[in-house]
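> Here's my sequence, what's the structure:
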Amino acid sequence: MSSQPPGNVHVIGHPLVQHKLSLMRSKETSTSTFRNLLREISMLLAYEVCRDFPTTQVAIETPVAPMMAPVLDGKKIVLISILRAGNGILDGMLEILPSARVGHIGLYRDPKTMAAVEYFYKVPENMTDRDTIVVDPMLATGNSAVAAISRIKASGPKSLKFVCLLTCPEGIAVFHRAHPDVPIYTAAVDERLNEKSYIVPGLGDAGDRLFGTK
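Numbers count the residues shown, from 1 in each chain. You can find the predicted model right below:
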């Protein structure tokens, strides 16, 4: 696995993230455990992704005294899931960003061309003042992520970040050729893609493992 990711890629190496990722990688991990781990690791990823989000001061009263206190402007945050596996990350992030708006984009990979084909798209209105986080567990070939970001950019969001559990050098290169301005947040940059476009060593198909399908 790469220890020197390229620019605009943020590898979240927190021990709790890495521990949970290792459990998810194991082929012995059950569907229910995989699902729970993805939800837990997503909360930790959200913590890092939101590190630079601005806060605003509001007047509150503690049991002792009034004060001006910082709060996150959650109404301006949008989480967009790339279906279907993105919902595993979405659920975890909503645990700590419950007031965020939610969007979905459905893409499937053409088995012959590996190109991304859109079949569903719905995001909140008035995206121009919203900080947007796009989520998908795997950034492999990069084709789906590039198509999703291109579509979402057309709505004019205030800012864009892409969050994945795993990626690889090939996926990063494709993504940043198309969208060099969009930062990637990930738990690991693995070695490579294999001939079937799976990340190696990876964790298999995230959607299948999340939903118990083949």
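> top helix in this protein by residue count?
helix 31-49 (DSSP state H).
> helices or strands up against that one?
Applying 3 or more C-beta pairs under 8 Å, 6 or more residues apart in numbering; DSSP states H and E, we find helix 31-49 packed against helix 15-25, helix 86-96, strand 131-135, strand 159-167, strand 184-189, helix 206-211. Quick note: C-beta positions are derived from backbone N, CA and C, even for glycine.
> Quick check: next helix or strand after the shortest one?
With elements assigned by DSSP states H and E, the helix or strand that comes after strand 131-135 is strand 138-139.
> Give me the packing partners of that next one, helices and strands only.
strand 159-167, helix 169-178.
> Show me which positions of the helix or strand following that strand end up buried.
Using DSSP H and E, the next helix or strand after strand 138-139 towards the C-terminus is helix 143-153. Buried residues in helix 143-153, defined by neighbour count with 16 or more other C-beta atoms under 10 Å: 143-149, 151-153.
> just stretch 158-178 next, same as before
Going by neighbour count (16+ other C-beta under 10 Å), the buried part of stretch 158-178 is 160-172, 174-176.
> and the helix or strand containing residue 107, what does it pack onto?
Assigned by DSSP H and E, residue 107 belongs to strand 101-109. Secondary-structure packing of strand 101-109 (3+ C-beta pairs under 8 Å, 6+ apart): strand 77-83, helix 86-96, strand 116-122, helix 143-153.
> mind checking how far the first one is from the chain centre?
Looking back up the chat, that one is strand 77-83. 8 Å (C-alpha atoms, centre = their mean, to the nearest Å).
> what do you get for the second one?
Its chain's C-alpha centre and that of helix 86-96 lie 9 Å apart, by C-alpha atoms, centre = their mean.
> Check stretch 163-181 too.
12 Å.
> related to what we said a few turns ago, any chance of the helices and strands packed on strand 138-139 in JSON lines, plus distance to residue 49 and mean pLDDT?
Below are the helices and strands packed on strand 138-139 laid out as JSON lines (distance: least, C-beta to C-beta, whole Å; pLDDT from 0 to 100):
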{"stretch": "strand 159-167", "distance to residue 49": "6", "mean pLDDT": "95"}
{"stretch": "helix 169-178", "distance to residue 49": "16", "mean pLDDT": "95"}
